[in-house]
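Novice: predicted model follows, preceded by the sequence.
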Amino acid sequence: NAGVTQTPKFQVLKTGQSMTLQCAQDMNHNSMYWYRQDPGMGLRLIYYSASEGTTDKGEVPNGYNVSRLNKREFSLRLESAAPSQTSVYFCASPRGYEQYFGPGTRLTVT
Amino acid sequence: QKEVEQNSGPLSVPEGAIASLNCTYSDRGSQSFFWYRQYSGKSPELIMSIYSNGDKEDGRFTAQLNKASQYVSLLIRDSQPSDSATYLCAVRSGAGSYQLTFGKGTKLSVIP
């Protein structure tokens, strides 16, 4: 039982490149979340999916798109990466009201 | 704008002492409160949740909630060097919402 998994762990992109961050959970939870964490800014919600087939914007959605592929998987896409998107990205899935986080993806955009 | 405020620290305590971490929140309708521990380079790990006024104890950890004062705290008794981490306070606002608002975290250093 891996809980929440994320790939890749690390990524370096050049400005303008695109990539997709993958998240999967094996806990059979309905909802999934994407956060970014920046020094001095705390964790900020990018997008979330309350259930399969639904997605909603969080606090900082600009520059990102998401896909809830099925109940297990929730991906985050950067269409044209910018240096401001350099961050650590966490996927989370709640059991009840308690959210459980994946190991994170450290993304650097040069 | 829902806000969750924490002192950024660092908070330094000697080994064996009690560490006291504090958090205030702006939304009076908040329903659930959580403390996460985050080691450097790692993901946040849930250590305590509290839903009603009063104290909740789990091992060396005690969470305290005062909704009237919009204040939640975490006490760590018999602090150990392994407790050195950043502690994040998170608040869930409103019935039916699963979204959390996080504070920026307090960095705790336990000095041997």
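Specialist: Looks like it arrived, so ask away.
Novice: alpha carbons only for contacts and neighbour counts from here, please
Specialist: Noted.
Novice: which parts of chain A are strands?
Specialist: For chain A, the strands defined by DSSP state E occupy A:4-7, A:10-13, A:19-25, A:32-38, A:42-49, A:56-57, A:64-68, A:74-78, A:87-95, A:98-101, A:105-109.
Novice: ok, which of these comes nearest chain B?
Specialist: Evaluated with CA to the nearest CA, the strands of chain A place strand A:42-49 nearest to chain B, the distance being 4.1 Å.
Novice: for the closest one, packing partners?
Specialist: Applying 3 or more CA pairs under 8 Å, 6 or more residues apart in numbering or on different chains; DSSP states H and E, we find strand A:42-49 packed against strand A:32-38, strand A:56-57, strand A:64-68, strand B:100-102.
Novice: how about the strands of chain A in CSV, adding mean neighbour count and mean pLDDT?
Specialist: Formatted as CSV, the strands of chain A follow (neighbours: other CA atoms under 10 Å in any protein chain shown; pLDDT from 0 to 100):
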stretch, mean neighbour count, mean pLDDT
strand A:4-7, 20, 96
strand A:10-13, 14, 97
strand A:19-25, 21, 97
strand A:32-38, 23, 96
strand A:42-49, 22, 94
strand A:56-57, 14, 94
strand A:64-68, 19, 97
strand A:74-78, 20, 98
strand A:87-95, 23, 95
strand A:98-101, 22, 92
strand A:105-109, 19, 97
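Novice: can you pull the residues of chain A lying near chain B?
Specialist: Contact residues (CA under 8 Å from any CA of the partner chain) of chain A with chain B: A:40-44, A:90, A:97-104.
Novice: returning to that earlier point: of all the helices and strands packed on strand A:42-49, which one comes closest to A:Thr20?
Specialist: strand A:64-68 (9.0 Å; CA to CA).
Novice: what angle sits between the closest one and strand A:19-25?
Specialist: 40 degrees (axes from the mean of the first three to the mean of the last three CA atoms, to 10 degrees).
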